Structures are given as C-alpha cells and as structure tokens.
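Asker: Let's see this in three dimensions:
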Amino acid sequence: MRIEEGPKVIQTSLRNTAAQKRHEKASFSGLPSDALQPSKGTTWGRSGSNRSWLRSFLSATPLWLGPLVAVSFEISLRHFNGSLAMVLTAYREQGILPVLYTYGPRWSLKTLMAYTCWIVLQAILYVGLPGPNHQGQQTPAGHLLTYRVNGLRAWILTYSLLSVLWVAGVIDVAVVAEDWSGWFVAMNLFGLLASAMAFVKAHVAPTHSGDRKFTGNAFLTTSGLDSTAYDFYMGIELNPRLGEDFDLKLFTNGRAGMMTWTLIDISNLALQHRNGTLSASLVLVTILHSIYIVDFFANESWYLRTIDITHDHYGFYLAWGCFTWLPAMYTLQAQYLGRYPTRPSPAYMAVTLSLGLLGYYIFRRVNAQKDLCRRTNGDCLIWGEPARFIIAPYRTSDGTLHKSLLLCNGWWGVSRHANYTGDLLLSFSMCAVVGTTTLLVWFYAIFMTGLLLHRCLRDEERCLAKYGSSWDEYCRRVPWRLIPGIW
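Answerer: Predicted structure coming up:
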C-alpha cells in the first residue's frame with residue numbers, strides 16, 4: 001500500500017536557489033495575494049479532537065469487519081470452491097458464528113512457530129543487513145527521521161536462501177499454501193499483538209510525543225470509549241520505533257507484508273508443481289506481483305515519502321493491515337489458482353500482461369518525474385520543457401516555516417493523481433489474468449479502486465489543510481483528479 005502524497009516533489013527551508021528564482025515569477029503569475037501564505041493551521045495530519053460519536057463508531061467498524069471479511073475469503077477458498085455466494089448463503093442459513101466455528105481457520109503450534117521464525121528472520125535482516133541511510137519527510141512536530149534502506153537486499157537474500165533450501169530438500173515451500181489455515185491464524189495473531197503493543201507504547205513510551213494524535217482523553221466515558229476504539233484503529237504515534245532505528249511502520253509494511261506476499265505466491269507455485277501441474281496463469285500472476293514487489297523494495301527510499309509514512313499513524317489499520325490483510329487479500333489470485341488452476345488462451349494472457357506492464361510504466365514514470373524534480377530542486381526538463389511548479393509554504397508545529405514544490409506539468413499536469421491511474425491498471429491486470437469472473441479473484445482490483453479513490457479525497461483534504469491557497473492554485477491549474485474528462 002504505497003500511496004504518495006499528491007504532486008509534492010521537494011521539501012526544504014525557505015531559501016531561494018537559482019532554479020527557484022528562474023521559475024518563481026512564472027510559477028506565481030496571476031496568484032492571489034495570499035498564495036504564498038501557509039495554511040492557517042500550524043500542523044497537519046489526522047484531526048486530534050472534536051470527532052462526532054457517529055464518525056468514531058463508523059471508523060472503529062473495521063476492527064471487526066476487516067477480520068470477518070478476511071476469514072470469509074479464507075473459508076470460501078478452502079471449503080466452497082472460491083464462491084463467496086456460497087459462504088454468504090451459509091451465513092444466512094446457519095448463522096455467522098456456527099459457520100465460523102465449523103469452517104473457520106485452525107491454528108497449530110507448528111505453524112505458529114514457523115511463522116514466528118519467518119518474522120524473526122526478517123527482523124534480523126532488517127537490522128543486520130547494510131544499506132544506505134535516507135531521510136524521511138519532516139513530521140508535523142518537526143522531526144526528520146533517518147531510515148536504513150536494505151529491503152531489496154533482504155528480498156534477494158531471503159528468496160535465494162529459500163531456493164537453495166528448497167532444492168536441497170531441507171524445506172518444502174509448498175507448506176505455506178498447504179497449511180494456509182494455520183498461517184492465516186498466525187498472521188492475525190501477530191497483527192493483533194502489534195496493534196495492541198503500538199497502542200500501549202503510544203501511552204507509556206512514545207518515540208516522539210509531539211507527533212502523537214489523541215482523539216479523546218478518557219477511557220471510561222461513552223465518548224472516551226468511542227475515542228479509544230478510534231485511536232486503537234487509526235493509531236496514535238506517527239513513527240513509532242523500538243530503539244533508535246527499528247521503525248515499526250517500515251518493517252511492518254515491507255517485511256511482514258510485502259515480503260510475505262512473495263512467499264505466498266511461491267508457495268502456491270510449489271503446491272501446483274507438487275500436484276503435477278504448473279499453470280501459465282499462476283506463473284503470470286506471480287510475475288506481475290513480483291514486478292510490483294521488487295519495485296517497492298528497489299524504490300524503498302521513495303516509500304518514505306508516501307502517505308503511509310508521512311500521514312497515517314500506526315495502529316490496527318497499518319499493523320493488522322500489513323501483517324494480515326495485505327498478504328492474505330492481495331494474494332487471492334495466486335491462492336485461487338493454487339487450488340483451482342485455469343487455462344486462459346495465450347492471446348488473452350498476452351493482452352493482460354501488456355495492460356499490466358503499461359500500468360506499471362505509467363506508475364513508475366509519474367513518480368520518476370516527481371523524484372527528478374525533487375533531486376534537481378526544480379531545475380530540470382519534464383516532457384522536454386522546464387519544470388513548472390508552485391512553491392507551497394507550510395509550517396510545522398514547532399513554528400518553523402518550510403516549503404514544498406507542487407509540480408504542474410508532465411504527468412502531474414495531466415491529473416493530480418496520475419500515479420493512481422497506473423496502479424489501477426496494474427491491479428486490474430493482476431486479476432484479469434486469472435481468466436475467471438469469480439468475485440473472489442477480482443477483489444483486489446475492486447478493493448484498490450475503492451482505496452485509491454478514497455485516498456484521492458484524503459490526500460486532497462490533507463494537502464488543502466497543509467498548503468492552503470497554494471493547493472487551491474494547484475487545483476485551478478490541474479483541474480482533474482484522476483482521469484482527465486471524467487474525474
């Protein structure tokens with residue numbers, strides 16, 4: 001889940017460079033007199049108070065709805081041939097609790113120990129592997145955090161080691177898909193424990209107390225209970241760490257989530273191979289997934305500027321979401337094909353592969369333009385012409401004034417979230433390649449559509465609060481959010 005904040009390309013102190021001086025006059029021609037003023041708020045991020053009872057209640061709904069949906073999909077795959085309609089029928093006729101008791105996932109000590117070893121291995125690689133240090137973005141409280149970026153090395157080492165052990169007969173990679181029920185329980189357990197740990201840590205040992213957000217102040221009053229549920233779900237700390245360097249956000253998303261995604265794909269390939277077949281559709285799904293995952297790790301420093309790191313606080317939404325929801329739900333195509341292979345025509349698979357590669361190309365080029373402008377401080381060419389941008393000032397809670405550049409040409413002049421368009425094309429192709437209309441297979445594309453549309457609105461609300469009239473001017477110059485002529 002790597003969603004980056006709008007068209008922002010750089011963040012610096014208020015110091016003009018030669019490039020800025022060349023572009024500043026053109027960038028601000030026609031702006032209202034207050035265009036260079038930061039928003040009236042002194043900080044940005046999630047609202048800290050004054051939430052309605054209804055909004056707090058609705059926001060806490062995913063605490064039970066998310067796990068129920070994930071369990072329902074797991075039951076559908078193992079017991080109902082991937083049919084969600086049959087699961088819903090069973091819920092209606094037998095009741096939800098009896099169905100969960102009869103068909104729900106079962107834990108095993110052996111699987112829990114195996115998953116624990118997997119997470120420990122990833123933690124050791126996260127801490128022990130060398131890698132360049134990169135800084136994230138300024139937090140609302142003014143902190144500039146440093147991250148060691150070694151995800152790609154960890155991915156290569158992990159799957160090189162697994163391949164050697166698999167070929168040598170030491171381990172059976174298919175065991176994850178074969179005992180998926182136990183792995184599913186283990187991932188849920190770790191996700192819930194991480195959520196609870198983050199909630200307690202935020203109260204008793206915060207990493208940066210100035211970057212916490214509390215919705216309410218009490219635990220025992222009615223409003224306090226609502227606020228506590230919301231804080232547990234959305235999180236309190238922005239960038240919680242264990243010690244100086246172990247960043248929970250980066251580890252949870254990258255190692256517990258994205259790294260496990262590849263493991264599940266490979267395990268389903270191994271399961272098919274053990275059963276005497278290897279469908280081209282599963283191979284292609286794994287390739288498309290791997291492109292996305294390897295890109296994530298190859299550009300891990302870019303992830304430090306995404307909404308997950310810069311805006312979302314660390315609670316159930318990110319902790320359980322990355323430990324459980326991401327690996328369990330984003331791999332549904334591979335899980336389905338591991339059990340129920342399909343045989344689409346070569347022409348059909350070629351078309352879906354081309355669509356996926358096109359989506360990836362758009363996704364990568366959009367972000368590359370922003371990164372180029374960031375590295376050069378705006379002194380670069382975008383689509384053969386000088387970069388056009390708006391200098392947007394904002395203020396952190398310590399009173400320091402900063403600025404960002406809002407890129408207005410290239411892909412960022414086509415729409416304000418062109419990177420989401422590429423992401424959606426890639427997501428659609430990952431599901432289409434399976435070659436079936438089964439709703440379960442298409443869930444990832446449906447979910448990503450809803451997620452990215454919601455992120456569009458969240459991102460814009462946050463940018464307006466952060467940049468004020470500068471954001472209004474950017475929206476005037478680039479009127480389309482996602483798809484020109486439509487929205």
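Asker: Report the helix or strand with the lowest average pLDDT across the chain.
Answerer: helix 18-27 (a mean of 39; mean pLDDT, DSSP states H and E).
Asker: how deep is Pro206 tucked in, by neighbour count?
Answerer: Counted with other C-beta atoms under 10 Å, residues neighbouring Pro206 total 16. For the C-beta atoms, the positions are set from N, CA and C on the backbone; glycine is no exception.
Asker: now the helices for the stretch 151-300 of the chain?
Answerer: With DSSP state H, counting those that start in this stretch, the ranges of helices along the stretch 151-300 of the chain come out as 151-167, 175-178, 180-204, 222-234, 248-251, 259-274, 280-298, 300-303.
Asker: got any ranges where this structure has weak pLDDT?
Answerer: Applying pLDDT under 70 to the chain flags residues 1-60, 216-226, 397.
Asker: Turn the helices of the stretch 151-300 of the chain into CSV, columns for mean neighbour count.
Answerer: Listed next are those as CSV, based on neighbours: other C-beta atoms under 10 Å:
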stretch, mean neighbour count
helix 151-167, 16
helix 175-178, 20
helix 180-204, 20
helix 222-234, 19
helix 248-251, 24
helix 259-274, 22
helix 280-298, 20
helix 300-303, 22
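Asker: Could I get these in CSV, plus columns for distance to Ile362?
Answerer: Below are the helices of the stretch 151-300 of the chain laid out as CSV (distance: least, C-beta to C-beta, whole Å):
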stretch, distance to Ile362
helix 151-167, 22
helix 175-178, 32
helix 180-204, 32
helix 222-234, 31
helix 248-251, 26
helix 259-274, 22
helix 280-298, 13
helix 300-303, 16
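Asker: For Arg462, find the nearest of those helices.
Answerer: Comparison of those against Arg462 by C-beta to C-beta identifies helix 222-234 as nearest, at 13.7 Å.
Asker: Relative to Gly410, which of the helices of the stretch 151-300 of the chain is closest?
Answerer: Comparison of those against Gly410 by C-beta to C-beta identifies helix 300-303 as nearest, at 16.8 Å.
Asker: Let me see the residues that make contact with the closest one.
Answerer: Residues from elsewhere that reach helix 300-303 (C-beta atoms under 8 Å, 6 or more residues apart in numbering): 2, 4, 132, 134, 147, 149, 151-152, 250, 253-254, 296, 309, 367, 371.
Asker: Quick check: ChimeraX command selecting the buried ones in the residues you listed.
Answerer: This is the ChimeraX syntax for the buried subset of the contacts of helix 300-303, where burial follows 16 or more other C-beta atoms under 10 Å:
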select :2,4,134,147,149,151,152,250,253,254,296,309,367,371
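Asker: Which ones among the contacts of helix 300-303 map onto strands?
Answerer: With strands taken from DSSP state E, the overlap with those comprises 134, 147.
Asker: now, which of the contacts of helix 300-303 sits nearest Arg416?
Answerer: Out of the contacts of helix 300-303, the member with the shortest distance to Arg416 (by C-beta to C-beta) is Glu4, at 11.8 Å.
Asker: and Lys403, that one's in a helix?
Answerer: No - in this structure, Lys403 is strand, not part of a helix, as judged by DSSP: H, G, I helix; E, B strand; the rest coil.
Asker: Could you find the closest non-adjacent residue to it?
Answerer: Leaving aside its chain neighbours, Lys403 sits nearest to Pro393 (4.7 Å; criterion: C-beta to C-beta, 6 or more residues apart in numbering).
Asker: what's the distance between that neighbour and Tyr340?
Answerer: Look at Pro393 and Tyr340: by C-beta to C-beta, to the nearest Å, they are 55 Å apart.
Asker: So for those two, which sits in the more crowded spot?
Answerer: Applying other C-beta under 10 Å to Pro393 and Tyr340 shows that Pro393 carries more neighbours, namely 18 against 15.
Asker: what about the more buried one, which SS state?
Answerer: Taking three-state DSSP, the label given to Pro393 is strand.
Asker: Make sure it is actually in contact with Leu401.
Answerer: Yes - here Pro393 reaches Leu401: they are 5.9 Å apart, a contact under C-beta atoms under 8 Å.
Asker: Quick one: the helices in the stretch 1-150 of the chain, in order.
Answerer: 18-27, 53-60, 62-79, 84-94, 96-103, 109-128.
Asker: so what does the fourth one touch, helix or strand wise?
Answerer: In terms of contact count using 3 or more C-beta pairs under 8 Å, 6 or more residues apart in numbering; DSSP states H and E, helix 84-94 is assigned the packing partners helix 62-79, helix 96-103, helix 439-467.
Asker: chain center to the second one: distance?
Answerer: In terms of C-alpha atoms, centre = their mean, to the nearest Å, the centre of helix 96-103 is set 31 Å apart from its chain centre.
Asker: Outside of that helix itself, list whatever touches it.
Answerer: 68, 71, 75, 78-79, 87, 90-91, 94.
Asker: now do 6 Å
Answerer: 75, 79, 90-91 (C-beta atoms under 6 Å, 6 or more residues apart in numbering).
Asker: any idea which of those residues has the most stuff around it?
Answerer: Going by other C-beta under 10 Å, Ile75 tops these with 22 neighbours.
Asker: Apart from its neighbours in sequence, what residue is nearest it?
Answerer: Per C-beta to C-beta, 6+ apart, closest to Ile75 is Tyr103, 4.6 Å.
Asker: Tell me, how many residues neighbour that neighbour?
Answerer: Neighbours around Tyr103, by other C-beta under 10 Å: 20.
Asker: Leu288 against Gly356, yeah?
Answerer: Yes - using C-beta atoms under 6 Å, Leu288 makes contact with Gly356 at a distance of 4.8 Å.
Asker: Show me what counts as buried in stretch 360-371.
Answerer: By neighbour count on 16+ other C-beta under 10 Å, the buried set for stretch 360-371 is 360, 362-363, 366-367, 369-371.
Asker: from the residues you listed, which is closest to Trp411?
Answerer: Using C-beta to C-beta, Val366 is the member of those that sits closest to Trp411, with 4.3 Å.
Asker: got the contact list for that closest one?
Answerer: Neighbours of Val366 in contact, by C-beta under 6 Å, 6+ apart: 411, 418-419.
Asker: Can I get these in CSV including neighbour count, distance to Ser181 and secondary structure?
Answerer: What follows is the contacts of Val366, written out as CSV (neighbours: other C-beta atoms under 10 Å; distance: C-beta to C-beta, whole Å; DSSP: H, G, I helix; E, B strand; the rest coil):
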residue, neighbour count, distance to Ser181, secondary structure
Trp411, 23, 43, helix
Ala418, 26, 41, helix
Asn419, 26, 36, helix
